[in-house]
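K.L.:
Quick one, structure for this:
(one chain, ligands or ions: 1)
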Amino acid sequence: MSRRKAVVIGAGIGGISCAIRLQSLGFDTEIVEALDAPGGRAYVRKVDGFVFDMGPTVLTVPHFIEELFSLQQDHAMLGEPDFPAGTLDENCRIREGVSGGPNTSKYVEIVPILPFYRIYFDDGTFFDYDGDPVSTREQIKRLAPEDLAGYEAFHDQARAIFHRGFLKLGYTYFGSLGSMLRVVPDLLKLGAVQSLFGMVSKYFKSDKMRQVFSFEPLLVGGNPMKVPAIYAMIHFVEKTWGIHYAKGGTGALVAGLVKKFEDMGGQLRVNAPVKRILVENRTTKGVELEDGEEIAADVVVSNADYATTYLKLVDKAHRRINRDALVKFRKQSMSLMVIYFGYERRDNDPDLRHHNIILGPRYEALLDEIFEKKVMSPDFSQYLHIPTLTDPTLAPPGHHAAYTLIPVPNNASGIDWDIEGPKLSARVLSFLEEQGYIPDLTARLKHMSFITPDYFSETLGSYLGNGFGVEPVLTQTAFFRPHNKSEDVHNLYLVGQGTQPGGGTPSVMMSAKMTAREIARDLGVEASVINGVPEQREAAA
Ligand SMILES: Cc1cc2nc3c(=O)[nH]c(=O)nc-3n(C[C@H](O)[C@H](O)[C@H](O)COP(=O)(O)OP(=O)(O)OC[C@H]3O[C@@H](n4cnc5c(N)ncnc54)[C@H](O)[C@@H]3O)c2cc1C
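P.N.:
Model (predicted):
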């Protein structure tokens, strides 16, 4: 029987992960990517001798990466993953060798990062968050002793949410309302549907601790005031398996995944923007590229933005009657300004870390302006990333390559970024210099460029310039999040941050597995392939 053909639109981490899985399911898989290189949000900007990862930098759940690198033709591993024991040993030190895994290390070297984050408050004090309960308690004692007991209670609730929400339900695809209703009682019992900030505020009195234990969803586009408390699981995911870095940058992980895909026989085409998804009799027949070329396929998976997939790539005649209203009704996530900059190192540089969160003077009010009011704020919080503290190869000798990321409203705001972008980037860099984070930055600066929400809308094709797909709020979670299997067109599927389970690199890898499972079931892929172990079959033959 001839092999079936799959086309994946977009080479983001979700698209490549799904393509690897389709290849393992026995499809001839082709990825067609609009840009000139893979990665999507994880695209790499190389300029003036500096290498900047443009997007994700905090890698978590390394065994998801290992699972992708372990796949083979006819060995799809679509069952529930084995969750390995935690990364920290009994002395709360990262265990040797847990980062990479044997199959990962054939393609990319992954190393742990400690502390996970250094979180600076506006008064100059800081908290080194490393997942170690002993040092966490010591730091709470130093900054907010009144919150020590609250931390223990928070920790217990977060652990319970992690066990149920991630270990047990993480891979559940909520394709029907029934599948969702079955888990609601459990989630209510765990207190996982209140807002994360509400949960955190119950346990912590100090503003500083409330920020430390609630900021993490911002890294996947969630407003701590609005994300359901199920997102407390991020705290435990990080604590259990650590935070990691791919040597050479996240771009090296993307390159490794592409190589794995190609080693399995898959084909990646760049500079190949898709104009539309071909549909006949409510079933997809493939895609048409912008240059008019048609690629026939049995299955099409879109890794493009969810709203863009429906509003631009599926002709209106093939969309469900309520599709446009539903797409436009959904709340899009916030956006970002990201400033990439290279500067001269100095021996007496302040003691920054690989990942630094620099919080501004306001928290709740600032979040409200970014997510709800959608206005330019007088102040900002930022995530300053300096990977050259771990990996000097990303910059010319004697230099650092850094980026700083500032959450901003998406383009529903009407802000003119041609005017506001240069002003905000100048304010942020002056802040870093004047507050002593990087003294004399202006004199040392060798490269500076930035992106605004316009990059997300114009270059990445994200509706309203969203940074992370639809916003993770309760009413857009699980069944209520866009579905990975299209209801409008047969054999059309979606993958990536706009779909279930959500944004962030581990989630889009989970999304790839959920989508592949639906495809395997719908297209009748043999059970032996789905969970096959080729070595055993070979031995039996
Ligand atoms: C600045 C930033 C920092 C982040 N930091 C972290 C982090 O530290 N840790 C973490 O876990 N997550 C982080 N995230 C989130 C994470 O990067 C994303 O959730 C994830 O990478 C999204 O992957 P994806 O595959 O869903 O989509 P994308 O990466 O958006 O890929 C979609 C691809 O589809 C292509 N495409 C679109 N339309 C078409 C078309 N018509 N034809 C062909 N191709 C098309 C696009 O060019 C793109 O390559 C960050 C995000 C950003 C923006």
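K.L.:
contacts and neighbour counts: CA atoms only from here.
P.N.:
Fine.
K.L.:
does T404 count as helix, strand or coil?
P.N.:
strand (DSSP: H, G, I helix; E, B strand; the rest coil).
K.L.:
That one against Y383, yeah?
P.N.:
Yes: applying CA atoms under 8 Å as the test, T404 and Y383 come out as touching, 5.5 Å apart.
K.L.:
Tell me which of these two has more neighbours.
P.N.:
A count of neighbours by other CA atoms under 10 Å puts T404 above the other of T404 and Y383, at 24 against 20.
K.L.:
If we ignore the residues flanking it in sequence, what's nearest that one?
P.N.:
Closest residue in space to T404, ignoring its immediate chain neighbours: L384 at 4.3 Å, by CA to CA, 6 or more residues apart in numbering.
K.L.:
Direction included, what does the helix or strand containing that neighbour pair up with?
P.N.:
Assigned by DSSP states H and E, L384 belongs to strand 382-385. Using DSSP bridges, the strands paired with strand 382-385 are strand 355-358 (antiparallel), strand 399-408 (antiparallel).
K.L.:
P228 - how many residues pack around it?
P.N.:
Residues lying near P228 (other CA under 10 Å) number 25.
K.L.:
Figure out the length between the terminal residues of stretch 350-359.
P.N.:
End-to-end distance of stretch 350-359: 17 Å, with CA to CA, to the nearest Å as the criterion.
K.L.:
Now it: average pLDDT?
P.N.:
Across stretch 350-359, pLDDT averages out at 96.
K.L.:
coming back round to it: do any residues in the strand holding L384 lie close to the ligand?
P.N.:
No: figure legend: strand 382-385 not in contact with the ligand (CA under 6 Å from any ligand atom); closest approach 9.3 Å.
K.L.:
Name the residues that touch that strand?
P.N.:
Residues from elsewhere that reach strand 382-385, judged by CA atoms under 8 Å, 6 or more residues apart in numbering: 57, 353-360, 402-407.
K.L.:
can you check stretch 66-74 too?
P.N.:
With contact meaning CA under 8 Å, 6+ apart, stretch 66-74 is reached by 17, 20-21, 23-26, 77, 100-104, 257, 260, 264, 528-530, 532, 534.
K.L.:
switch to 7 Å and redo it
P.N.:
The contact list for stretch 66-74, computed with CA atoms under 7 Å, 6 or more residues apart in numbering, reads 17, 23-26, 100-101, 103-104, 260, 264, 529, 532.
K.L.:
got it, and stretch 194-211?
P.N.:
Stretch 194-211 has contacts (CA under 7 Å, 6+ apart) with 144, 147, 150-151, 153-154, 213-214, 224-229, 231-232.
K.L.:
can you tell me which of those are in helices?
P.N.:
Among the contacts of stretch 194-211, DSSP state H puts G150, Y151, A153, F154 in helices.
K.L.:
What residue, apart from its backbone neighbours, is nearest the first one spatially?
P.N.:
Okay, so that is G150. Y203 (4.4 Å).
K.L.:
what does the stretch 351-500 of the chain put close to the ligand?
P.N.:
Residues of the stretch 351-500 of the chain lying close to the ligand by CA under 6 Å from any ligand atom are L460, G461, G467, F468, G496, Q497.
K.L.:
scratch that, the chain
P.N.:
Residues of the chain that fall close to the ligand, judged by CA under 6 Å from any ligand atom: 9-15, 32-35, 38-42, 54-59, 219-220, 273-275, 303-304, 460-461, 467-468, 496-497, 503-506, 508.
K.L.:
just the buried members of those residues?
P.N.:
Buried members of the residues of the chain next to the ligand, scored by 16 or more other CA atoms under 10 Å, are 9-15, 32-35, 38-42, 54-59, 219-220, 273-275, 303-304, 460-461, 467-468, 496-497, 503-506, 508.
K.L.:
so what pLDDT did the residue nearest to G150 get?
P.N.:
pLDDT for Y203: 96.
K.L.:
let's have the chain start at 19 instead
P.N.:
Got it, the first residue is 19 from now on, which makes the last one we talked about Y221.
K.L.:
Run a quick neighbour tally on it.
P.N.:
Neighbourhood size, Y221 [other CA under 10 Å]: 19.
K.L.:
ok, the residue nearest to T422 to the ligand distance?
P.N.:
Distance of L402 to the ligand, given as CA to the nearest ligand atom, to the nearest Å: 11 Å.
K.L.:
where are the low-confidence patches of the protein?
P.N.:
Along the chain, the parts satisfying pLDDT under 70 run over 19, 100-117, 550-559.
K.L.:
Break it down into its domains, please.
P.N.:
As recorded under automatic domain parsing, the domains making up the chain are 19-128+261-348+490-559, 150-257, 353-476.
K.L.:
Just name the most buried of those domains.
P.N.:
Mean neighbour count (mean count of other CA atoms under 10 Å) peaks for domain 19-128+261-348+490-559 among the domains of the chain, with a mean of 20.
K.L.:
for the closest residue to I261 other than its chain neighbours, what are its contacts?
P.N.:
Nearest non-adjacent residue to I261, counting by CA to CA, 6+ apart: T78, 5.1 Å away. For T78, the contact set (CA under 7 Å, 6+ apart) comprises E256, W259, G260, I261, H262, P524.
K.L.:
Keep only those of the residues you listed that are in strands.
P.N.:
Using DSSP state E to define strands, the subset of these located there is H262.
K.L.:
quick check, nearest of the contacts of T78 to the ligand?
P.N.:
Set against the ligand, the nearest of these by CA to the nearest ligand atom is P524 (6.0 Å).
K.L.:
ok, now which ones touch the closest one?
P.N.:
Counting by CA under 7 Å, 6+ apart, P524 makes contact with T78, V79, F82.
K.L.:
between the domains of the chain, which gets nearest to D141?
P.N.:
Among these, domain 353-476 comes nearest to D141, with 8.3 Å by CA to CA.
K.L.:
Return the member of the contacts of P524 nearest to the ligand.
P.N.:
Nearest to the ligand out of these is T78 (CA to the nearest ligand atom; 6.8 Å).
K.L.:
Of the domains of the chain, which is nearest D140?
P.N.:
Among these, domain 353-476 comes nearest to D140, with 5.4 Å by CA to CA.
K.L.:
Which of the residues of the chain next to the ligand fall in helices?
P.N.:
I31, G32, G33, T523, P524, V526.
K.L.:
Pick out the most distant pair among those residues.
P.N.:
The span of these, defined through CA to CA, is set by G33 and P524 at 12.8 Å.
K.L.:
in the stretch 369-518 of the chain, what residue is nearest the ligand?
P.N.:
As assessed by CA to the nearest ligand atom, the ligand sits closest to G514 within the stretch 369-518 of the chain, at 3.2 Å.
K.L.:
That residue contacts V319, correct?
P.N.:
No: the criterion here is CA atoms under 7 Å, and G514 misses it with V319 at 10.0 Å.
K.L.:
Give me the contacts around stretch 172-182.
P.N.:
L208, A210, Y221, I248, A250, M251, F254.
K.L.:
which residues does Q90 bridge with?
P.N.:
Counting by DSSP bridges, the residues bridging with Q90 are H93.
K.L.:
So it versus Q41, what's the distance?
P.N.:
Q90 is 8 Å from Q41, by CA to CA.
K.L.:
cool, and S399?
P.N.:
Taking CA to CA as the measure, S399 falls 42 Å from Q41.
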